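**Q** Kindly generate the corresponding structure for this input.
(chains A and B, ligands or ions: 1)
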Amino acid sequence: MSELANIQKWLTSIIVKPGSINDKIIMADQHYGLRHTEVIKPAPNFSSGEKIGIYARGYVLRLMECMSAEYPALQHLLGKELFETFVKAYLVHSPPSSPDLYNLGANFAAFLKASQPKNADSNMFDLPVEVTLLERAIAEVSRCKGLEGTSQETETDDTVLYLFNTSTIRSSPCLMLLKLQFPLAGFVRSVQRGEEATTPLTGESFTAISRKDYIIHMHDMETWQWQFLKALQDTNDYMSAINSTADVCGMANSTVMADLMLWIPVALKFGYIYRDDNQVN
Amino acid sequence: MNTPDSKRLGLPNLGLGVGLRSKHFVHLMQNDPVVDWFEIISENYMNNFGYARHVLAHVAGLRPIVMHGVSMSIGSTDSLNLDYLRQLKELADEVKPVWISDHLCWTGVAHLNTHDLLPLPLTLESLHHVAERVNRVQDILQRPLILENPSTYMEFEASSLHEWEFMTELVAKTGCGLLLDVNNVFVSGHNHNFDPEFYIRNIPHKAVVQIHIAGPTDCDQYYLDTHDQPVPTPVWHLYRLAQELTGGVSTLLEWDANIPEYPDLVAEVNKAREVLLGNFPDVPVYRTRLADQVSNPVDHQMQTTHE
Ligand SMILES: [Fe+2]
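**A** Take a look at the predicted model:
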């Protein structure tokens, strides 16, 4: 291995590993056959180790700020200290590998889930996991390829047309559906807006997140509405989505149809669905 | 060797610009950009098809754009990330930037990305390694790569070249351009006890395509490149020197944390005009003893929602 490669492995390992800076340097020195005092120039009042420490500390602080930006509601829920403890553990578990900072938080919910106590008899441990899932979904929806700027972008003023032609109704490419154990949409929205956010009580909730005209929409919705969007996403077919919703929710097809007539304009407005006008029937 | 013989590699002087940051998106969609040009962080737009991309398209219709990257990791001993370069090129094909820049640094090895700009030992080994990679990147991007001097907090005992010598050799070997960050020269000069003016006098001025200005933080034992303060007087002096020696190149104000409102940002970069007339703002280097200062802040890239 070249000298340059060895030094880079040595420094990377010091930066990304957990522990005190001195312990990390000693371990890396041993592992890579280097002596940090011979690698990094000391200054009279500033040792080699202290200089390396600037990089090691900066690494955690910098990524912590990114995770805080992506997961404000989780941080609000856990408090700063506990949030930072989890993020630090996560960074050790999954140090960033992508040039895209946005990938940094991708596995955070799964990490929190795996770190839950095994025999927890309450679902309260699922609350932070689910807040994380929802905030990640918001981040994904905000960046995905949407319908803005395409011909499929539905104008809100002609939504009455759905009454005559439902076969072109599709789920939005941005739509994400989450089935959660807590109603979280209002909680997360309050934190985002800097309003008072009370910790939600347990209660099954069906959440949809989507984007229209670059604005994120997110709602806890009725079960049949969520099931309909899910079925539409799966089948891409309005009539089979109605049948499937009726089946799953134990409703009559005609009831689902009638309820949809009232709800479809809302779903179009929030970008959960759109009319695919390019569709050839 | 293909030493550039024309000023700024034939690239234009775009005037005074600022970084395009999410804090100002709504303002920029509704108001005149005022500044001459914008620099974007390339990685922030590569897989982003949301509002940020929409704002970028809007702004690119009004002003020239330069793409500034933080993850090329040109100095890494990992193999070049061809996937990253492909995405960078795709973005460039769409944005049509006036040039593409990144940093003389590495960000990690073994496929890790620390999202920091880590310094290289300034050796002949590093020089050959980086030069070979710059040449390959320039072949892929089909344009000169513009490389920026980073702020550094440590030096390697093995280094046999000064950074200005390394930059000079690199330009000679590759024909790459330089993004001279005068604030970084100031920060590194303070941290490693060299004369920043000497540095600026001894780089190949014809290869300088762009200048960065920014405000650092004095953390007592060292200066940190925090991009969160007004530009201090000594950095303005280095700026004027650099503009005299280069004959005038595109200027960009970096402000990445504690970001001011847009009119205040514009007012800060406009101070450059007064500086060139010899009127220097009286701004000390910001001092703090707090240990939570962050160099190269990147969280401004994380904007997720917009209402
Ligand atoms: Fe810079």
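**Q** give me every residue that touches the residue nearest the centre of chain A.
**A** Centroid-nearest residue in chain A, with Cα atoms, centre = their mean: residue A:136, separated by 0.6 Å. Neighbouring residues of residue A:136 by Cβ atoms under 8 Å, 6 or more residues apart in numbering or on different chains: A:70, A:105-106, A:108-109. Where C-beta positions appear, they are placed from N, C-alpha and C, glycine not excepted.
**Q** now residue B:115
**A** Neighbouring residues of residue B:115 by Cβ under 8 Å, 6+ apart: A:59, A:62-63, A:66, A:96, A:101, B:70-71, B:107, B:296, B:298.
**Q** which one of these sits closest to residue B:51?
**A** Closest approach between those and residue B:51, by Cβ to Cβ: residue A:101, at 16.8 Å.
**Q** okay but that closest one is in contact with residue A:69, surely?
**A** No. The pair residue A:101 and residue A:69 fails to qualify as a contact (Cβ atoms under 8 Å) at a distance of 9.5 Å.
**Q** In contact with residue 12, which residues?
**A** Here I'm looking at chain A. The neighbours of residue A:12, taking Cβ under 8 Å, 6+ apart as the test, are B:108-110, B:112, B:114.
**Q** That was the other one, I meant chain B.
**A** B:64, B:98, B:250.
**Q** can you check residue A:228 too?
**A** A:241-242, A:245, A:256, A:260.
**Q** Repeat that for residue A:78.
**A** Residue A:78 neighbours (Cβ under 8 Å, 6+ apart): A:86, A:128.
**Q** same thing but 10 Å
**A** Residue A:78 makes contact with A:71, A:84-87, A:112, A:127-128, A:131 under the criterion Cβ atoms under 10 Å, 6 or more residues apart in numbering or on different chains.
**Q** and the residue in the stretch 1-150 of chain B that the ion sits nearest to, how many neighbours?
**A** Nearest residue of the stretch 1-150 of chain B to the ion, counting by Cβ to the ion: residue B:148, 5.4 Å away. Other residues lying near residue B:148 total 24 when counted by other Cβ atoms under 10 Å in any protein chain shown.
**Q** Hmm, residue B:214 and it touching each other?
**A** No. Taking contacts as Cβ atoms under 10 Å, residue B:148 lies outside contact range of residue B:214: 11.4 Å.
**Q** Quick check: neighbours shared by these two?
**A** Shared contacts of residue B:148 and residue B:214, defined by Cβ under 10 Å, 6+ apart, are found at B:181, B:184.
**Q** What values do phi and psi take at the residue in the stretch 101-250 of chain A that the ion sits nearest to?
**A** Of all residues in the stretch 101-250 of chain A, the one sitting closest to the ion is residue A:101 (17.4 Å; Cβ to the ion). Note on residue A:101: its backbone torsions stand at phi -60, psi -30 [degrees, to the nearest 10].
**Q** same check, this time on residue B:179
**A** phi -110, psi 100.
**Q** Wait, it touches residue B:99, no?
**A** Yes. Checked against Cβ under 10 Å, the pair residue B:179 and residue B:99 is within contact range at 8.9 Å.
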